[in-house]
Structures are given as C-alpha cells and as structure tokens.
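J.: Below is the sequence, then the predicted model.
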Amino acid sequence: QDHWSEIKQSKRVVVGLDDSFVPMGFTKKDGQLTGYDVDIAKAVFALYDIKVDFQTIDWSMNVTELRNGTIDLIWNGFSITPEREKKVAFSQPYLKNRQILVVLKNSGIKDFSQLKNRALGIQTGSTAQQWYESDQKALHAKQEILYDQLPNSFLDLKAGRIQGILLDEIYADYYLAHLPKNDYQVIVDKKTPADYFAVGIRKTDPTLRKKINQGLKKLQANGELRRLNQKWFGTDSNYLGE
Amino acid sequence: MLEVKNLSKSFDGRNIIKDLSFSLKNGETMTVVGSSGVGKTTLLRIIAGLETADSGVITLDGQNYDPQATGVVFQDFNLFPNLTALENITLAPKLVLKMTAQAADNLAQELLEQLQMLPYSAQYPYQLSGGQKQRVAIARALAMKPRILCYDEPTSALDPNLRQEVENLILNLKRQGQTQFIITHDLVFAEHVADQVLQLKPRGENDEG
Amino acid sequence: MLEVKNLSKSFDGRNIIKDLSFSLKNGETMTVVGSSGVGKTTLLRIIAGLETADSGVITLDGQNYDPQATGVVFQDFNLFPNLTALENITLAPKLVLKMTAQAADNLAQELLEQLQMLPYSAQYPYQLSGGQKQRVAIARALAMKPRILCYDEPTSALDPNLRQEVENLILNLKRQGQTQFIITHDLVFAEHVADQVLQLKPRGENDEG
Amino acid sequence: MEPRVIVLLRSMDLKRTFLLGREKMDYVIEIMPALLSGSLMTLKIFFWTIILAFPLGILVALGEMSKFKPLRYLVEFYVWIMRGTPLLLQLIFVFYGLPLLQIVFARYQAALFAFVLNYAAYFAEIFRGGFQSIDPGQFEAAQVLRLSRFQIMRKIIIPQVLKIVLPSIGNEVINLVKDSSLVYVIGLGDLLRAGNVAMARDVTLLPLVLVAIIYLALISLCTLMQKRIEKHYSYYR
Amino acid sequence: MEPRVIVLLRSMDLKRTFLLGREKMDYVIEIMPALLSGSLMTLKIFFWTIILAFPLGILVALGEMSKFKPLRYLVEFYVWIMRGTPLLLQLIFVFYGLPLLQIVFARYQAALFAFVLNYAAYFAEIFRGGFQSIDPGQFEAAQVLRLSRFQIMRKIIIPQVLKIVLPSIGNEVINLVKDSSLVYVIGLGDLLRAGNVAMARDVTLLPLVLVAIIYLALISLCTLMQKRIEKHYSYYR
Ligand SMILES: Nc1ncnc2c1ncn2[C@@H]1O[C@H](COP(=O)(O)OP(=O)(O)OP(=O)(O)O)[C@@H](O)[C@H]1O
Ligand SMILES: Nc1ncnc2c1ncn2[C@@H]1O[C@H](COP(=O)(O)OP(=O)(O)OP(=O)(O)O)[C@@H](O)[C@H]1O
Ligand SMILES: [Mg+2]
Ligand SMILES: [Mg+2]
C-alpha cells in the first residue's frame, strides 16, 4: 500500500545509493555524503519539510532493497530501461546521459565499429551492459570483460588488456577530469540512444511518485535545478523530462 | 564376590580370551600372570568396562556388575598431561567424592609420601621419569578407594626398593579389606601378594591356578 | 672404548647428574641401576645425542664421540605408528644400510622369530600388547647393528620366559663382540649380563660399581 | 617483523608508484579518518562474532558427537549448509530472503546473525577434530575415575583440545577479520568499502594500499595474541 | 545427507517464495547454462590452485622451520603478508598494481598466481602445525636409527602429518571453492558472478538460490573425498 502518509508523518524518507558512484552520490574525504543526486533529493524533500536518510547499498541489490522496503527510493544515476520498468516505477527523468566509449589516445580507434576484434570493458549490471546486450547494431566487440568497479577497468585499459570501456558519459567526464594526465579519448556514437536518469519508486507508491515529480518541477521553476547543473557539471541546463 | 563366567573375546577373528571363568572373593587379592600377548590387559579392560566381551557374564555379589566399582592403574599410565602430579590425584576425589580441597590434598600427599614422590608433586607428567609416572598412576587410582582395584603391571617401571614399597602398600590395603586384581610378570611379587593366582594360557586352554 | 668424563646435567636448576665419570670397553656390557628418577634415562639420552649435557666430555676410542654410533631401545618404545611391526624393523636397514628388501625382511624375521613375535609381524603398533611393542623396539634397534646398543629397561613389560629370551639374546650379542649399555631395575638380570654395573645414586654422589 | 616491511617496500620500486611523496602523505592523512571509521565496523563485527560463535561452536561440536541421532543429524545438517555455501550468499538470504518469510532483521543484526551462525559451524568442525585427536586413554582414565561426562569435558578434554586447536582457530580468526568485509552486500560500510569509495572518488590505488596495511596491522595483532595464548598453554606438553 | 535437504526445503515455506512454480522451472532451465559455464571457471581455478599450492605449501612449511635464518625470515615474511591481507586485495595488486611496475599478467594467469601464493601460505601454516604436533619421540627414534632428515620426513613424519592435518586442509579446500568467486574483481566470470548478473537483470533471488545449491554440491563432493581419504588413513591410530 501507499507509504506517503507514513513518510509525511515521520518526516523521513530513505534513499538508497551506492556511495562510490561519482559524481552522483559519494562519500567525501571527511565522510560527508555529497553528489548531484544527494543535493537534488535533499532539495526536493526540503519542499515537503521531510528529512532524507541516505542508505548506502550494494548496487546490484538496488531493486531488492526497494521491494523489501529497506529503502523507499533508488536515486543514484538510475537509468530508465525496459527491464527495470517491469519492476519499479520511475519518476520523471531529470538528467540526460548517454553511453560513450573510452579508449587510449594513441590507440587509433575512432569509432565504435573498430572494437570488432578487440576487448571491451563494461561494469556489471550497468546501463551500458543492458544496452550492449540488447538488440543494438552499433557496437560488437570480440570479447566483453565485466568489472565490479569502473576504476579497475581504467587500470586494465591502461595495462593494454582491453581496448575500450563502454560507460556513462556522466561518470567518464568526472573520472577523466580528475586524472593528473589524461591519456584517454572519448568516442561518441550518433546511433546510440540517450538514456535518462530518474528516481526509482515502488509501484505501490503512486503518491510519493507524484510528490517527487511536483518537487522536480518546482526546482526547475525556481532555478535550483539550473544552479545544481552549474555546480556539478558546469553546464547551463534546465533539463527536465521529455 | 566378583564372578566371571564363560567370558570370550576375539580381535579381528582371533580368539584372545575363550570361555574364561573365575571368581574373586571380597577382600581378596588375585594376581594374573601369563605370557605376553595372552590377553591379560584385555581381561582387565573388560572388567573395567572399557572393552565389551563377545560373550559371558560378570556379576558382583550376585548382582548385575557395574564397572564403576573398579579403579584402574593403566599399563601406560594415562596421566592427564595438563595437570600436575598432585592435581592428577586430587581431581576425582574432589569432583566425584566431593572431598574438600584440603582433605583431598592431605590424602594425596599421604599417598605420594608413601611412594616417595612428595618432591615431585608439582611437576607435570612430561617432567617425570617412567617410575615416577607409574607411582602417580597408582596413587591416583588408590585415592578413589574403589570396590575393586585393578593394576596392570604396577611395578614394571620400578626399582627393587620401590617394588617392595608397592608390595607393602598392596598388602596393607589387603589388610584393610580391599579387593585387588593385579596383572604382573613378577612371579615372586605375585606369590607374595596373592590369595589366588590366575594363570592365563594362550588359545582358550584357560585354567584357574 | 667409550669414555665419559665429569658429565653434569640439571633440569630447571635441579642437579640430576653431577660429575659422572665411567668407561665402557669395546665388546663389554654395562648395566645401569639406581632408584627411580635418579637420572638413568637422562644419561642414556645424553649418550644417544638426544639431550645435551651441561658439561663433561665423551670420547669413543679416544676420538670425539659421535652419537650416530649408538642404537636405542626406548623406555616407551617410540614405535612408528604408521608402519607394521615388520616395517618398523626393516625401514632403517633398507634406507640407511642399503640392504635389499629381501635381506632386510629375512633379518627382521630372524629377530622376530627369536623374540617369538613372528605371528605379529603384520600388525600395527596400536594392535600390539605392551610386551609385544617392547620386543619390536628391541628388534628394530638390533637390526641396525650399532657400535653401542643402549636399552632403557628392555624387559619391563616382559614375562619371565621372555625376559630369559632377551637375556639370551644379549649374552649372544656379547659373545659376538657387541658393546651394550643397559638400564634395568632387575638386579638379577643385571648381574647375569653385566661385565660392569654402574650404580647411579641421587645428588652427585655417583660411584662406579 | 614490522620494520622489515618498510625496508622491503623501499627497496622495491613501489615508492615511485604508491608511496611517500609530500602530496601523497597529505592525501593519506586526509583519507585516514574515513578508513579508520570503516575499520570500526570491521572490528565490531569481528568482536561480536568471536564472542558469540566460540561457545556456540563448542556446543555444536558436542552436538555433532551426540549419541542422540535426531540432534546429531540436525546439527550435521546445519554445519553442512553453513560450510557448503558462501557466507556472502548467507548474508543475502538472511537480509533479503528472510523478509519474504516475514522475518525482518535490521542491517547490522542480520550481519551478526549470519556471521555467528557461519563461524560457529567452522569452529565446531575444528573442535570436533580436536576432540577426536585426544588419546582415547584420557577418556578411559577419566571414566574409570568415575568423572561425569561433563566433568571429563571440562577438566580433562577441553583444556587439551584448546591447546591443540589453537592454530586452526587462529586461522579462522584471521579469516574472520577479512570476511567481515562481506557486509558491503547488505549496505554496511566497512574498511574495504571505505577504501573502494576513496579509490573511485580520487582515481588512485593508494587507498587500497592503506587498506591492506590496516588489515595487516589488525591481523598481526591477532597473531600476536595467538602467540601469547600458545605460550600460556605451553606449560605442559 | 542430500535427501533430507529436499524434505526441509519443502516443510519450510520456502516453496512459495523461491521454488518450483511451472514458470519458475522454465526460468531455472533458462539460466542453468550460464551458471554451469560460470562453474567451469570456479573449477579451473580450484583445480590448479590445489595442484600447485599443496606441494609449495609443504616446502614453505619446511622453510619456516629451517635453521638458516635468512631463509626462515624471508619465508615468514611471505606468509605474514599473504595471511595478513585479503586475497581480494592481493588479486587487485597482482592484476592492476603490477602493471604500474611494467609487470603485466594475463587475466587468468594473474588469478592463478595470486591464488597459489595465497593458498600455499595457508597450507604451510597448517603443515607447520602438523609437524609440531608430532611426538618428539618419533624424531628421536628415527634419528638414532640414523635416517637422514629427508628420510625421516618422507617415511615417518609426513605420513603422520597428513593424517593429522587432513581436517584442516579440508577446511581450506572448502574455502578455496568459495574464494574462487573473488576472481570477479579482475573481470573473470565465475559461478557467483553468473548468479549476480542474472539476479540484477531479472530482479529475483532465485539465481542465487541455484548458485547456493551448486556450491553445496561442489563442496559436498569435496567433503566426500575428504572422508574417503580420512578412511584411507585410518589403517593405523
Ligand atoms: N624434561 C624434564 N624437565 C624437568 N625435569 C625432568 C625432565 N626430564 C626428566 N626430569 C627429571 O629428571 C630426573 C631424572 O629423570 P630420568 O627419566 O633420567 O630418571 P630415571 O632414572 O630414568 O627414572 P626411572 O627409573 O623412573 O625411569 C627425574 O627427577 C625427572 O623428574
Ligand atoms: N585393538 C586391537 N586390535 C587387534 N588386536 C589387539 C588389539 N588389542 C590387543 N590385541 C591383541 O590381543 C592380544 C592380547 O593383548 P593384551 O594387551 O591383552 O596382552 P597382554 O596379556 O596384556 O600382554 P602384555 O603382557 O605384553 O601386555 C595380543 O595378541 C594383541 O596383539
Ligand atoms: Mg598388557
Ligand atoms: Mg627412565
């Protein structure tokens, strides 16, 4: 049944996130949680005078956590996919993302098709993996290697045991920006459809969904969304949904 | 009276004891002699309830026999390595007979004194010589004052003086009415202490002596 | 000639052996007697190189003494539990003396026969009685034909017949020129086999007998 | 042994890669608090698991040797499941599976529950091995002295068993320190998780080197304690 | 023990939750091939680690007891590092760290390298314990028979040690089956990984139940073999 009244009354909502997912949600050196999603979630619920408790979870357990009620929302760069839509309800999307390919600068790789006889790295359970394994025609590597942690795939790329990594543009931008010396090249493919980050909600919680959508709209209206996009991505965007 | 009737025991199909019968009156001392490997230790272990006979009946005073009535001095001593000589002796009196620590210590020291072991009471078994271990084992069994006291070669590791000492001890206990069952190779010793000598012979041609 | 000069050994500050000197001529047999705990086993262990003396010198034929020259029958046998009686005996002759399997087996069976142990040659130590274990231990040491053969109470677990058997064996070896060093409590036995009796006495008042 | 580590780390060319530039030192000092607070979870899981699983393990071992068959089968079944499946999966079942049967644990309690049940099974196997390696003569001697089963256990057998099983228990304790990192799967943050987060955020392997060093320190502490206890038990042979 | 499992799974109300609906059966049949091909990696790692780490472990144990101090310290240092840090981190260092020093392993070789080094250290500690629990009288008896150190080891000590350490080795072998799942961190797909992927994709715990059952089967097989070997060694006490 619908949890909104409970949440309203206790003034608390539990958001599940993977605290190693930069820049959407992660722990700072001082132990404070921060990130784009953390800021947005706080801003949305501030509108209802509700405090957000962030619960770190193992990312591969996200839907199970939601179903068991140990968290109320998945809010952590959670892309809308057909598989996920079978199990959870999504809010309106609040950020546009796409899958891009990272290769070494001197590799000579210029487009997706060149991976045909090379090894490709992907994160387990990521949107990238779901897209790659779908009916797409754009990218087919000789061999796919699955990683639990994206930083490991970068180390592997550097060691030359794989030749490309397929991942979220959002993450790639952050990672490459933080390298002392950037030896990597980002390759974008026009045929790869964009995907959209949204909040995952139990299907039995329509009120909560409605409230979040209303909240997001309000942030768009009052300029908070633009401010956060500026803060985290340096872009002047006020994007919200299709 | 301890009565053993038609006792048989075999290992791996080899008859060790066959149709053995004998009786031991209360307060009397029986010695068991016989060549090595004839089954003396096996017989003792059956009486002590540590081995089950293949067939045969044992009764004590006409009633069903309970091995709890026996105390044993083992051929290889089986001292508790984690306890000192003194603790080895006092453990059971304290826990089973509910003696006070004081009384148990006194009793143990008396026994150790008699066996010339007083200086070694605080040593652990690994620090004792063969004969010293054997004397601790004797004292440990004596301290429990069992109805029937069984010894498996109680003098094997002892020098003549100490053998004499143990002989005196056994005769002393006999005077006090203790029933005793003693395996030994020492025929002289056997003669001295025995009311009855049980001679085991190989292959079921057993006999009362 | 084995010469021991001014040998001393203490455990935990307690003098066990003090200033002990004696010599044993080649081909002769020495028995060591003395009360329990006096240090007989300790002395044997020093000669066998298993314990180091605190002070003192040992020489063999005037040269620096090498404990490899000795064989030992241990008081508690130390049989190898993973080998049968026969294998316990043949192991070292095969590996060290490079005897053929056939020759080693023959030798072992001869010794077992002499000790009336032939029927038990395929049994593991845990299946043997006390006296049977002791006889395997004796055979194992004999099979290596060491320069000096040391026994720690070789007859303690044996009945009179077997004791006689072992006595014969020792006298036989003596006739063949074997040097022997025997700890025993059995004064009669000691007299029968000894060219020389070493009497150990407590607390450094040692003496040659 | 510790000083030797430093020497080795220097003599190998790890320095260039991982360690010890001025900025790197600053970085280490910056992320240390997060790692240490991660260690706290590691230590909590460790401590309570030991305290609870140790006595439970002895009981289970006795159950495994019980003459009452239904009890023995039940206990054997439990040990079989616990040793036969990964602790990670047990954690998942306790925390994510049991709620489907209306049994809901809080995160930390679920972790403890799974750890205690799992480690008790391992300890039990070790104890059983220990019990079985005691010379039967010890049981026999105690039995003819008319000690009760309980007294034989307490005064004769268990002290000897403890001495025997100490090295194996030490091994399991070390495993426990490391296994405690599995709590990540139910969303608890421990030492290893803290290192992973820092690695993802700051794009460097250095946090993992620090994590390894902290583990090494914790485990060396355990080994030291083990040596102490072994020494305590060396009064007899 | 296996038939009893079924009974228990039925009698508890797990059926409703996890098992045995018609569509679920279909699902099981669908994902089974992926799980079994994952098991193959598990078995490969397992097999080669045992084959290589076992003899290496004996050598390391002898090194630990060596009288030549530099060798002993070196070996002790190695064991200390291997037991003192998580295998997961060792895998990461071998695979991701060593390339920074220009030492590049292929994926599978890196996994084997880390596993063998790690398990050899554990086996070594177990063997050392076994060696030390042999009655010193056994060494003495063999020594006065003039057997060489090597002969004493081969004929007297190691056979007795093997009998003693068998249960502990069994424990480690079981750990190995489970630890093999750690290869996920360097991108190798094993049984557990296959289950995780299916679980994340299909949002159901069922694949993990299957994974648990496969582990249980593999480990029961190991235990069975252990019992066999124990029986083989029971010819003496
Ligand atoms: N490892 C040890 N630690 C401390 N004391 C020991 C140790 N070994 C022997 N002793 C002591 O040394 C003394 C001599 O022991 P040893 O075994 O040599 O006696 P023994 O003459 O062989 O006696 P027995 O005839 O009873 O075998 C004994 O008092 C014993 O307690
Ligand atoms: N567990 C066993 N398995 C097989 N045979 C055994 C076992 N225990 C004893 N035996 C055999 O039973 C026979 C009798 O053994 P027992 O120990 O009773 O002899 P014993 O009369 O005490 O001899 P000793 O005087 O040498 O101690 C021996 O031949 C021995 O080999
Ligand atoms: Mg006997
Ligand atoms: Mg002695």
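T.: Great, that's in hand. Ligands and ions are numbered 1, 2, ... in the order given.

J.: Not counting sequence-adjacent ones, nearest residue to residue A:28?
T.: Of all residues not flanking residue A:28 in the chain, residue A:34 sits nearest, at 5.2 Å (Cβ to Cβ, 6 or more residues apart in numbering or on different chains). Any C-beta I mention is one placed from the backbone N, CA and C, and that applies to glycine too.

J.: Let me see the contact set for residue A:146.
T.: If a contact means Cβ atoms under 8 Å, 6 or more residues apart in numbering or on different chains, then residue A:146 has A:121, A:122, A:123, A:124, A:129, E:184, E:187, E:189, E:193, E:197 as its contacts.

J.: near chain A, which residues of chain D?
T.: Residues of chain D found near chain A (Cβ under 8 Å from any Cβ of the partner chain) are D:30-31, D:33-34, D:37, D:92, D:95-96, D:99, D:104, D:107, D:184-189, D:193-194, D:196-203, D:205.

J.: What segments of the chain are helices?
T.: Going with chain A. Assigned by DSSP state H, chain A shows helices spanning A:4-10, A:36-46, A:62-68, A:82-87, A:127-132, A:150-159, A:169-177, A:206-222, A:224-233.

J.: Chain B was what I was after
T.: With helices called from DSSP H, chain B shows them at B:40-47, B:85-95, B:101-114, B:130-143, B:160-175, B:187-193.

J.: right, so the ones you listed: which one is the most enclosed?
T.: Counting by mean count of other Cβ atoms under 10 Å in any protein chain shown, helix B:130-143 has the highest mean neighbour count of the helices of chain B, with a mean of 26.

J.: Tell me if it is near chain C.
T.: Yes: interface with chain C: helix B:130-143 contributes B:130, B:131, B:132, B:135 (Cβ under 8 Å from any Cβ).

J.: okay, those in TSV with distance to residue C:99 and pLDDT next?
T.: Shown next, in TSV, are the residues of helix B:130-143 next to chain C (distance: Cβ to Cβ, whole Å; pLDDT from 0 to 100):
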residue	distance to residue C:99	pLDDT
B:130	33	85
B:131	37	86
B:132	39	90
B:135	42	90
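
J.: of these, closest to residue B:60?
T.: For the residues of helix B:130-143 next to chain C, the closest approach to residue B:60 (Cβ to Cβ) belongs to residue B:135, at 28.5 Å.

J.: If we ignore the residues flanking it in sequence, what's nearest that closest one?
T.: Per Cβ to Cβ, 6+ apart, closest to residue B:135 is residue B:115, 4.2 Å.

J.: Name all residues that make contact with that neighbour.
T.: Residue B:115 makes contact with B:135, B:138, B:139, B:162, B:165, B:166, B:169, according to Cβ under 8 Å, 6+ apart.

J.: would CSV of these with distance to residue C:16 be doable?
T.: Below are the contacts of residue B:115 laid out as CSV (distance: Cβ to Cβ, whole Å):
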residue, distance to residue C:16
B:135, 18
B:138, 23
B:139, 23
B:162, 18
B:165, 22
B:166, 23
B:169, 26
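
J.: Nearest to ligand 3, out of those residues: which one, please.
T.: The shortest approach to ligand 3 among the contacts of residue B:115 belongs to residue B:138, at 16.2 Å (Cβ to the ion).

J.: residues touching that closest one, list them.
T.: B:73, B:115, B:151, B:154, B:166, B:169.

J.: same thing with residue A:197?
T.: Taking Cβ under 8 Å, 6+ apart, one finds A:24, A:77, A:78, A:79, A:80, A:93, A:94, A:95, A:96, A:97, A:170 in contact with residue A:197.

J.: what's the answer for residue D:95, then?
T.: A:70, D:105, D:107, D:110, D:111, D:114, D:186.

J.: looking at the residues you listed, which has the most residues close by?
T.: Within the contacts of residue D:95, most neighbours by other Cβ atoms under 10 Å in any protein chain shown means residue D:111, with 27 neighbours.

J.: Just confirm residue D:199 is within a helix.
T.: Yes: assignment of residue D:199 by DSSP: H, G, I helix; E, B strand; the rest coil places it within a helix.

J.: Tell me how many other residues crowd it.
T.: Using other Cβ under 10 Å: residue D:199 sits among 22 other residues.

J.: Can you report how many residues lie near the closest residue in space to it that isn't next to it in sequence?
T.: In space, and not counting its chain neighbours, residue D:199 is closest to residue D:207: 4.9 Å by Cβ to Cβ, 6+ apart. Using other Cβ under 10 Å, residue D:207 has 23 neighbouring residues.

J.: cool, residue B:100 as well?
T.: By other Cβ under 10 Å, 10 other residues sit near residue B:100.

J.: okay if I get the helices of chain A as a markdown table plus mean pLDDT?
T.: Formatted as a markdown table, the helices of chain A follow (pLDDT from 0 to 100):
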| stretch | mean pLDDT |
| --- | --- |
| helix A:4-10 | 91 |
| helix A:36-46 | 94 |
| helix A:62-68 | 86 |
| helix A:82-87 | 84 |
| helix A:127-132 | 86 |
| helix A:150-159 | 86 |
| helix A:169-177 | 86 |
| helix A:206-222 | 93 |
| helix A:224-233 | 90 |
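
J.: Quick check: which of those helices is nearest to residue D:58?
T.: Comparison of the helices of chain A against residue D:58 by Cβ to Cβ identifies helix A:62-68 as nearest, at 34.7 Å.

J.: Let's see that closest one as CSV, backbone CA atoms only.
T.: The C-alpha trace of helix A:62-68 is given here as CSV (Å, rounded to 0.1, in the frame of the first residue of the first chain):
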residue,chain,number,x,y,z
ASN,A,62,19.0,-1.9,-5.5
VAL,A,63,15.6,-3.3,-6.6
THR,A,64,15.6,-6.0,-3.9
GLU,A,65,16.2,-3.3,-1.3
LEU,A,66,13.4,-1.3,-2.7
ARG,A,67,11.0,-4.2,-2.8
ASN,A,68,11.8,-5.3,0.8
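
J.: Not counting it itself, show me its contacts.
T.: Taking Cβ under 8 Å, 6+ apart as the rule, helix A:62-68 contacts A:16, A:18, A:55, A:57, A:71-74, A:76, A:78, A:84, A:87-88, A:200-202, D:96, D:99, D:104, D:187, E:199, E:203, E:205.
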